[in-house]
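**Student:** predicted model, plus sequence, below.
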Amino acid sequence: MKDTPLPVTNGESVDCDVIVIGGGASGLMAATVAAERGQRVLLLEKNRELGKKVRISGGGRCNITNAEMDVRMLLKKYGEAEQALYAAFARFGVPETFEFFTSRDLPLTVEVNKRAFPETERAADVVRVFEQALAAAQVEVKTGVAVTKVRSENGRVSGVVADNVVYRARSYVLATGGVSHPETGSTGDGFAWLAAMGHTVAAPSPTIVPLATSEAWSHTLAGKSVRAKVTFYSEEKKAFAETGNILFTHFGISGPTVLNAAARVADLLWKGSVIARLDCFPELDEGALDRELVARFDAEKNKVLRNVLRGLLPGVATGVLAALPTIDPEKKVHSVTKEERRFLVRSLKALPLTVTGLMGFDRAVVADGGVLLAEVDTKTMRSRLMDNLYITGDLLHIRRPSGGFSLQLCWTTGYLAGMSA
Ligand SMILES: Cc1cc2nc3c(=O)[nH]c(=O)nc-3n(C[C@H](O)[C@H](O)[C@H](O)COP(=O)(O)OP(=O)(O)OC[C@H]3O[C@@H](n4cnc5c(N)ncnc54)[C@H](O)[C@@H]3O)c2cc1C
């Protein structure tokens with residue numbers, strides 16, 4: 001710690017300027033910024049290592065921000081919080097995030113949809129930047145220390161308790177994260193403390209929801225269903241598959257199989273593109289399906305393809321054929337070439353659907369739940385209920401899609417808390 005060592009009071013408490021609870025993305029930023037402006041900072045993290053969720057973010061590559069440099073355009077992604085966050089993002093937004101990391105030897109690279117990643121493609125390098133900064137700024141970091149209680153009196157936090165030790169400071173930054181992936185340490189402790197202190201804590205959106213897809217042909221089949229094996233691909237790599245009834249909707253796909261896969265799909269969407277491939281004949285391999293088509297084409301030579309396929313795919317044949325523009329559905333089957341038939345077989349075994357998000361409140365992949373923004377001064381991230389308490393990151397109820405917008409929110413709110421606490 002800085003200059004004077006922290007006095008130990010009554011053999012139990014440690015006094016300092018700022019205590020940051022939680023060493024995830026926003027807590028790391030808050031602790032770094034507060035210490036670099038000269039505050040004596042104590043960082044308490046219950047895991048043995050810092051930044052456990054950052055390390056798995058973006059599939060281990062860390063989609064660190066979204067390179068939308070126009071603050072107004074960027075804020076459109078934060079839904080109802082757009083206005084409230086303007087001052088915060090104007091002070092520390094995407095350009096400042098780029099500057100923060102590149103000036104600390106972590107150059108960033110921008111990919112499709114403006115997703116920005118460290119050039120090294122290693123999320124652990126993001127944590128390393130903070131570890132170095134915390135050490136340089138003499139932050140006292142205590143890992144393996146779980147805070148069990150936040151004490152408050154007369155509208156102020158008076159101390160935090162961990163392992164029967166009371167830690168006291170002038171200001172407190174609460175950065176304990178939300179509830180997703182609890183194995184990373186985010187177990188919702190902060191929500192409980194904030195509610196006990198009188199804050200309104202909104203519940204997170206459900207993740208058992210339909211999926212939104214972009215292909216128009218799938219929307220035309222709304223209300224129809226097909227028994228299929230659906231295989232999800234993340235960034236073109238096979239992730240997992242499920243078989244069951246797939247229900248088409250005006251926006252995408254649903255049905256129990258899809259609903260139950262949604263939470264896993266949400267994780268894949270954090271990493272990048274997701275394609276769902278529908279195998280409409282899971283019980284037949286390509287050879288068997290080809291033989292089935294040959295038999296049907298022979299038996300119904302003078303019928304058009306659309307009508308023959310109706311026998312195989314009741315209710316969905318026309319929509320499915322719309323997905324294959326190179327094949328004429330009005331063609332008599334006797335004139336369908338071998339190449340066309342083989343293409344049809346391959347397509348019916350792997351119809352691609354681009355998954356654009358979860359159909360939650362915003363029909364998008366959202367992360368939310370937490371303290372209502374109205375209860376926080378968004379210029380400083382100070383609680384409007386507790387004078388010396390600052391709230392950051394996933395503890396705030398702000399809906400946003402995947403694409404780097406969550407971590408940007410952590411950098412912004414962590415910076416403001418670090419500057420103000
Ligand atoms: C699989 C996955 C991938 C993601 N990928 C991306 C991505 O690429 N880009 C993006 O923008 N967003 C991504 N996100 C979201 C992003 O990671 C989070 O928004 C962000 O990490 C939240 O940071 P935070 O500081 O609020 O909390 P967290 O990172 O959750 O950190 C909270 C910390 O507090 C500690 N803590 C909790 N309780 C206590 C306690 N009682 N005492 C002491 N310490 C405690 C925890 O151990 C934890 O280290 C992803 C999320 C997930 C689940």
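**Tutor:** Right, received. Where do you want to start?
**Student:** what residues of stretch 330-347 count as buried?
**Tutor:** By 16 or more other Cβ atoms under 10 Å, the buried positions in stretch 330-347 come out as Val333, Val336, Glu340, Arg341, Leu344, Val345, Ser347. No exception for glycine: its C-beta is placed from N, CA and C like everyone else's.
**Student:** mind checking the SS state of the last one?
**Tutor:** Applying DSSP: H, G, I helix; E, B strand; the rest coil to Ser347 yields a three-state assignment of helix.
**Student:** let me see the contact set for it.
**Tutor:** Residues near Ser347 by Cβ atoms under 8 Å, 6 or more residues apart in numbering: Ala323, Leu324.
**Student:** so for stretch 263-272, what's the average pLDDT?
**Tutor:** Average pLDDT, stretch 263-272: 86.
**Student:** what about it, distance to the chain center?
**Tutor:** 7 Å (Cα atoms, centre = their mean, to the nearest Å).
**Student:** cool, stretch 106-126 as well?
**Tutor:** 16 Å.
**Student:** what does that stretch rub up against?
**Tutor:** 51, 54-58, 60-68, 98, 101-102, 129, 272-273, 403-404.
**Student:** ok, and of those residues, which contact the ligand?
**Tutor:** Val54, Ile56, Ser57, Gly58, Cys62, Asn63, Gly404 (Cβ under 6 Å from any ligand atom).
**Student:** following the helix or strand where the second one lies in sequence, what is the next regular element?
**Tutor:** So the one you mean is Ile56. Using DSSP states H and E, Ile56 maps to helix 52-56. As assigned by DSSP H and E, the chain's next helix or strand after helix 52-56 is strand 65-66.
**Student:** let me see the mean pLDDT of that next one.
**Tutor:** Mean per-residue pLDDT for strand 65-66: 97.
**Student:** what does the stretch 301-421 of the chain put close to the ligand?
**Tutor:** So far as Cβ under 6 Å from any ligand atom goes, the stretch 301-421 of the chain lies against the ligand at Gly393, Asp394, Gly404, Phe405, Ser406, Leu407, Cys410.
**Student:** okay, and which of these map to helices?
**Tutor:** In helices, defined here by DSSP state H, the members of these are Phe405, Ser406, Leu407, Cys410.
**Student:** how many residues are close by the last one?
**Tutor:** Around Cys410 sit 27 other residues, with neighbours defined as other Cβ atoms under 10 Å.
**Student:** check contacts around it.
**Tutor:** If you count contacts by Cβ under 8 Å, 6+ apart, then Cys410 has Gly24, Ala25, Ser26, Met29, Thr392, Gly393, Asp394 around it.
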